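Asks: Here is my input, please return the structure:
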Amino acid sequence: MKFSANGYYIESYQKCPNCGVLMYANSEEDRKKRVEHEDKTYCSQRCVDWSIAREKRRASAAG
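Replies: Next up, the predicted model:
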């Protein structure tokens, strides 16, 4: 989610595909925590790891 320069409206929404937290573009520290994985932006490395583990669990349960 990105607020406009004047702060009156939201330009876009960006949510973590794993946990669904809204990722604001407010601070440099928050942007540094983000991780790109398979063309998706996650809020942290923890969410990337959790997503990979979930896919492995689903694959082992199906197979």
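
Asks: Near residue 54, how many other residues are there?
Replies: 11 (other CB atoms under 10 Å). To be clear about C-beta, it is placed using only N, CA and C from the backbone, and glycine gets the same treatment.

Asks: ditto for residue 51
Replies: Count around residue 51 with other CB under 10 Å applied: 18.

Asks: Backbone dihedrals for it, please?
Replies: phi -70, psi -40 (degrees, to the nearest 10).

Asks: Could you measure from the residue nearest to it when sequence neighbours are not counted over to residue 28?
Replies: Distances taken as CB to CB, 6 or more residues apart in numbering place residue 18 nearest to residue 51, at 4.6 Å, with adjacent residues excluded. Between residue 18 and residue 28 the distance is 22 Å, computed by CB to CB, to the nearest Å.

Asks: Poorly predicted segments of the chain, please.
Replies: 1-12, 25-27 (pLDDT under 70).

Asks: Would you map the helices across it?
Replies: Here the chain has its helices, by DSSP state H, at 28-33, 45-62.

Asks: hmm, back to that, what's near enough to touch the residue nearest to residue 51?
Replies: Counting by CB atoms under 8 Å, 6 or more residues apart in numbering, residue 18 touches 42, 43, 47, 48, 50, 51.

Asks: who's in contact with the third one?
Replies: The neighbourhood of residue 47, defined by CB under 8 Å, 6+ apart, consists of 16, 18, 19, 35.

Asks: still on that earlier bit, what are the phi and psi angles of the residue nearest to residue 51?
Replies: According to degrees, to the nearest 10, residue 18 has phi -90, psi -60.

Asks: tally of neighbours for the closest residue to residue 43 other than its chain neighbours?
Replies: Closest residue to residue 43 apart from its sequence neighbours, by CB to CB, 6+ apart: residue 16 at 4.0 Å. Neighbour count for residue 16, taken as other CB under 10 Å: 19.

Asks: Is it correct that residue 16 is in contact with residue 37?
Replies: No: judged on CB atoms under 8 Å, residue 16 makes no contact with residue 37 at a distance of 11.0 Å.
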